[in-house]
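> Just the structure for this:
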Amino acid sequence: MPGRVAVVTGASGRLGSVWTSALLDGGAGVLAIDLMEQPSPSLKEVVALHPADRFHFVQADVTERGSLLEAWDACLNHFDVPDVLVNNAGIDQPPSATAVSWPFGDIPAELSQSVLDVNALGALLMCQVFGPAMAERGRGSVINIGSLYGGLAPDPRLYEHLPADPPFLKPPAYAMSKAGVGALTRYLAALWGPAGVRVNTLVPGGVLADQDAEFRAKFTARVPLRRMAEAEDLTGPFLFLASDLSRYVTGTEVIADGGYGCW
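Reported below is the predicted structural model:
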């Protein structure tokens, strides 16, 4: 991908640094967008391994169109119209014994609204600001980062061991938002396909992090490959979608879940 330009939202997040690393390793220039004022330590480590002129960081809010227009200007000033747009910014609630939990009927509306705003509306606004120029130029790949829970229900039994009162629930707005991202993918694939812009959803499985041992054991028991995903498991499918290897792939989901969804 030498000479190409990519934009990654939520670049300071755990997966954001994975996508940024893969793109920089492939020779692309990367405009990294995040709500944080500065790149996270993990993102700084990635950037330090590559020429400084192939990376630019912009603080922006994916829920604010004006903020994204400033990021668009920065993209043109430092690079060019992007070849790859990665909608990665998102709010999630990992399972934890210390996480605040509510009964389903009491989940605060403002919490649900914030998840929907960032995960779904944020992806839509990014596509509205960055996508038309890609379509006008006649090429590009949009990669929306989805979730298993955009198509499958979270299994409450995975969280029963957590000493939370009330019991931990995966936020329903998270599943709603990721299902919406899939719908946006199909909508834009149909809209921009004639212009040569491909739009797909990458669906990672459960990614290994600092989950407790019992959760990991219960989760991996449901995965045919019997382990959680690591960064190296995701970069291959990601680069497939970002590159010309997927030039006839659009409007679909590429699922890297170790077989979780096949049961």
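> which residues touch the helix or strand harbouring residue 215?
Residue 215 belongs to helix 213-221 when assigned by DSSP states H and E. By Cβ atoms under 8 Å, 6 or more residues apart in numbering, the residues outside helix 213-221 that reach it are 95, 157-159, 161-162, 206, 208, 211, 226-228. For every residue, glycine as well, the C-beta is placed using N, CA and C.
> Which two among the residues you listed are spaced furthest apart?
Maximum pairwise distance among the contacts of helix 213-221 (Cβ to Cβ): 22.2 Å, between 162 and 226.
> These two: which has the busier surroundings?
residue 162 (18 against 10; other Cβ atoms under 10 Å).
> Do you know the pLDDT at the more buried one?
Residue 162 is assigned a pLDDT of 92 by the prediction.
> tell me the contacts of it?
95-97, 168, 212, 215.
> Swap in 10 Å and give it another go.
By Cβ atoms under 10 Å, 6 or more residues apart in numbering, the contact set of residue 162 is 95-99, 101, 168, 212, 214-215.
> hey, C-alpha coordinates of the longest helix anywhere in the chain in PDB?
Identified as the longest helix of the chain according to DSSP state H is helix 172-192. Output of helix 172-192 as PDB, limited to C-alpha atoms (Å, rounded to 0.1, in the frame of the first residue of the first chain):
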ATOM      1  CA  PRO A 172     -28.100  -3.100  24.500                       C
ATOM      2  CA  ALA A 173     -27.200   0.100  22.700                       C
ATOM      3  CA  TYR A 174     -23.800  -1.400  21.800                       C
ATOM      4  CA  ALA A 175     -25.500  -4.300  19.900                       C
ATOM      5  CA  MET A 176     -28.000  -1.800  18.300                       C
ATOM      6  CA  SER A 177     -25.100   0.500  17.200                       C
ATOM      7  CA  LYS A 178     -23.100  -2.300  15.700                       C
ATOM      8  CA  ALA A 179     -26.100  -3.700  13.800                       C
ATOM      9  CA  GLY A 180     -26.600  -0.200  12.500                       C
ATOM     10  CA  VAL A 181     -23.000  -0.100  11.300                       C
ATOM     11  CA  GLY A 182     -23.700  -3.200   9.300                       C
ATOM     12  CA  ALA A 183     -26.800  -1.500   7.800                       C
ATOM     13  CA  LEU A 184     -24.700   1.500   6.900                       C
ATOM     14  CA  THR A 185     -22.200  -0.700   5.200                       C
ATOM     15  CA  ARG A 186     -24.800  -2.200   2.900                       C
ATOM     16  CA  TYR A 187     -26.400   1.200   2.200                       C
ATOM     17  CA  LEU A 188     -23.200   2.800   1.200                       C
ATOM     18  CA  ALA A 189     -21.900  -0.200  -0.800                       C
ATOM     19  CA  ALA A 190     -25.000   0.100  -3.000                       C
ATOM     20  CA  LEU A 191     -24.700   3.900  -3.200                       C
ATOM     21  CA  TRP A 192     -21.000   4.200  -3.900                       C
END
